[in-house]
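Undergrad: Sequence and predicted structure below; questions after.
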Amino acid sequence: MKDRVILHVDQNSFYASVEMLRRPALKTVPCAVAGDPVNRHGIVLAKNQLAKQAGVKTGEAIWLSRQKCPDLVLIPPDYSRYLYYSRIARELYNEYTDRVEAFGIDECWLDLTGCPNDDGFAVAEIIRERIKNELGLTVSVGVSWNKIYAKLGSDLRKPDATTVISRSNYQDVVYPLPSEDLLYVGPATSRKLRRIGVRTIGGLVKVGPEFLRVLFGVVGLSLYAFAAGLDTSQVAKSGREVPVKSIGNSITARHDLHTERDIKAVTYMLAESVSSRLRISGMAARTVQISMRDYELHNFERQAPLRFATQLCAEIAPEAFRLIMDNFQEGQWIRSLGVRACNLVQASKLNQQSFLEDEKHREATLRLEETIDTLRGRYGGLSVRRGISLADRSLTEHDIRKENVIHPVGFFGP
Ligand SMILES: [Mg+2]
């Protein structure tokens, strides 16, 4: 069978670049987009080249960046503007294929297989030029036969570059890279790998699938496939990255839950990941559903309408928690819990649903939750956490977003 032609397009320093477009004077000073609602110090979300040269790092506290770079200009994030540019870029990609899958706000996979122009490098170069001319932004593009290598490629050279990882060069290009460059290999996994002497992607391939399965379970098999270029996950069709009627998450707790506090911590964690996935897919839920299973394996489900169609954890979590507690009996031990957002509608099609003051508050909450999404997208699901989730770390130290994205569709079934 012929190889697929897959591109991964990554917009470079996306937030900072969009800000410099609006205010070109920012190009001449070190500047950073920084969100402060998350904690009292605030964190750098993106920086421009001058700030980078001064040592400013994405993800660090503002006070630390200021120490390195006293005249750093700080800009609050303007998500609606970023979304606008993100959408325009996606429309442009759509001219080349109907399979465009967004990964966060500034990255997309494109599958050109079977398209009129399926020369990966040529299309990558056209897109790179067009984004520069038509949007005034730069992208880096990776081209390969699978999503994982394409993503690796876009990281290899940036800004404003195209990197091809082909059947003839992948062992030279990919194998020497550190294993943590592989999508989904987080710090915990890479520590574990280092302990057995595996430092590179080539090293992962060398130890083989069976060994990795023993070490990591079924995830080990996908790690091997990712490393060896065997990933077969598909690029989703445009506009339906999540072709779903509902978005849910459930978890079997590390120990049975029987106190209100534990149940609340887990419920909020689940609701948080569900709402984050709603935002990523541009959907809002009208109904929340909970499911529980106790130690005797009795299943139980209930659902309730939400006051507004919503993407907010702040609205989904309390309702889910209420449903659970209404049906929880003293002395019951819960083994697994699920929260599901149902009755979905496209968020962009929602009109104002409530009084102005209410709506302002909801809007602010949405911005805050989006900021948290961004940080988690970049630094892992545990980088920003609710106070309540710290109550019992053994219950909530699952990197739940990661667990959701770790298995590309097709690997472990739907
Ligand atoms: Mg980027």
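TA: Thanks, I have it. Owing to the predicted nature of the structure, the values given are computational and were not obtained by experimental measurement.

Undergrad: And the strands in the stretch 51-200 of the chain?
TA: 73-75, 100-102, 107-111, 139-144, 161-164 (DSSP state E, counting those that start in this stretch).

Undergrad: Could you do the stretch 201-350 of the chain as well?
TA: Assigned by DSSP E, counting those that start in this stretch, the strands in the stretch 201-350 of the chain fall at 247-257, 283-294, 299-310, 334-346.

Undergrad: will you turn the strands of the stretch 51-200 of the chain into CSV that also has mean neighbour count, distance to E319 and mean pLDDT?
TA: The C-beta positions use only the backbone N, C-alpha and C, and glycine is treated the same way. Below are those laid out as CSV (neighbours: other Cβ atoms under 10 Å; distance: least, Cβ to Cβ, whole Å; pLDDT from 0 to 100):
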stretch, mean neighbour count, distance to E319, mean pLDDT
strand 73-75, 17, 35, 90
strand 100-102, 24, 28, 89
strand 107-111, 24, 32, 95
strand 139-144, 27, 40, 98
strand 161-164, 20, 46, 98
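
Undergrad: Stretch 88-96: which residues count as buried?
TA: A89, R90, L92, Y93, Y96 (16 or more other Cβ atoms under 10 Å).

Undergrad: CA atoms of it as CSV?
TA: C-alpha atoms of stretch 88-96 as CSV (Å, rounded to 0.1, in the frame of the first residue of the first chain):
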residue,chain,number,x,y,z
ILE,A,88,-8.4,31.6,9.1
ALA,A,89,-5.3,29.3,9.0
ARG,A,90,-7.6,26.2,9.2
GLU,A,91,-9.7,27.5,6.3
LEU,A,92,-6.5,27.9,4.3
TYR,A,93,-5.4,24.4,5.1
ASN,A,94,-8.9,23.2,4.0
GLU,A,95,-8.2,24.3,0.5
TYR,A,96,-5.7,21.4,0.2
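
Undergrad: Quickly note the distance from W109 to N94.
TA: 13 Å (Cβ to Cβ, to the nearest Å).

Undergrad: joint contacts of the two?
TA: Common neighbours of W109 and N94, using Cβ atoms under 8 Å, 6 or more residues apart in numbering, are V100.

Undergrad: okay, now the closest residue to T267 other than its chain neighbours: neighbour count?
TA: Leaving aside its sequence neighbours, T267 sits nearest to F321 (Cβ to Cβ, 6 or more residues apart in numbering; 4.7 Å). Here the count is done by other Cβ atoms under 10 Å, and F321 has 21 residues near it.

Undergrad: which ones are touching F321?
TA: Here F321 is in contact with I263, K264, T267, Y268 (criterion: Cβ under 8 Å, 6+ apart).

Undergrad: Selecting buried members of these in ChimeraX, what would you type?
TA: Buried subset of the contacts of F321, written as a ChimeraX selection, criterion 16+ other Cβ under 10 Å:
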select :263,264,267,268
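
Undergrad: what's the closest of the contacts of F321 to I127?
TA: Nearest to I127 out of these is Y268 (Cβ to Cβ; 40.5 Å).

Undergrad: Could you find the closest non-adjacent residue to that closest one?
TA: Per Cβ to Cβ, 6+ apart, closest to Y268 is A317, 4.8 Å.

Undergrad: give the contact list for that neighbour.
TA: With Cβ under 8 Å, 6+ apart, A317 has these contacts: T267, Y268, A271, E272, S275, V339.

Undergrad: what's the answer for L204, then?
TA: Neighbours of L204 in contact, by Cβ under 8 Å, 6+ apart: S179, L182, L193, V198, L212, L223, Y224, A227, A228.

Undergrad: Can you tell me which of those has the most neighbours?
TA: Neighbour-wise, the contacts of L204 (other Cβ under 10 Å) top out at A227, 28 neighbours.

Undergrad: doesn't K206 make contact with that one?
TA: No: the criterion here is Cβ atoms under 8 Å, and A227 misses it with K206 at 9.3 Å.

Undergrad: From K158, how far out is the closest residue to the ion within the stretch 101-250 of the chain?
TA: Per Cβ to the ion, the residue of the stretch 101-250 of the chain with the smallest distance to the ion is D106, at 4.1 Å. Distance from D106 to K158, counting by Cβ to Cβ: 12 Å.

Undergrad: which neighbours do the two share?
TA: Here D106 and K158 have D10 as joint contacts, going by Cβ under 8 Å, 6+ apart.

Undergrad: Neighbour count for these two, which is higher?
TA: D106 (24 against 17).

Undergrad: Quick check on that one: phi, psi?
TA: The phi/psi pair for D106 (degrees, to the nearest 10) reads phi -120, psi 10.

Undergrad: same check, this time on A236
TA: phi -70, psi 150.

Undergrad: which regions of the stretch 301-414 of the chain sit below the pLDDT cut-off?
TA: For the stretch 301-414 of the chain, the stretches with pLDDT under 70 are 351-357, 376-414.

Undergrad: for the stretch 1-150 of the chain, that is, sorry about that
TA: 36-41.

Undergrad: try it again with 50
TA: 37-40 (pLDDT under 50).

Undergrad: Near the ion, which residues of it? Just list them.
TA: Within the stretch 1-150 of the chain, the positions lying close to the ion (Cβ under 5 Å from the ion) are D10, Q11, F14, D106.

Undergrad: Mind checking which of those are in helices?
TA: Residues of those located in helices (DSSP state H): F14.

Undergrad: ok, so of the residues of the stretch 1-150 of the chain next to the ion, who is nearest G153?
TA: Using Cβ to Cβ, D10 comes nearest to G153 of these, at 9.6 Å.
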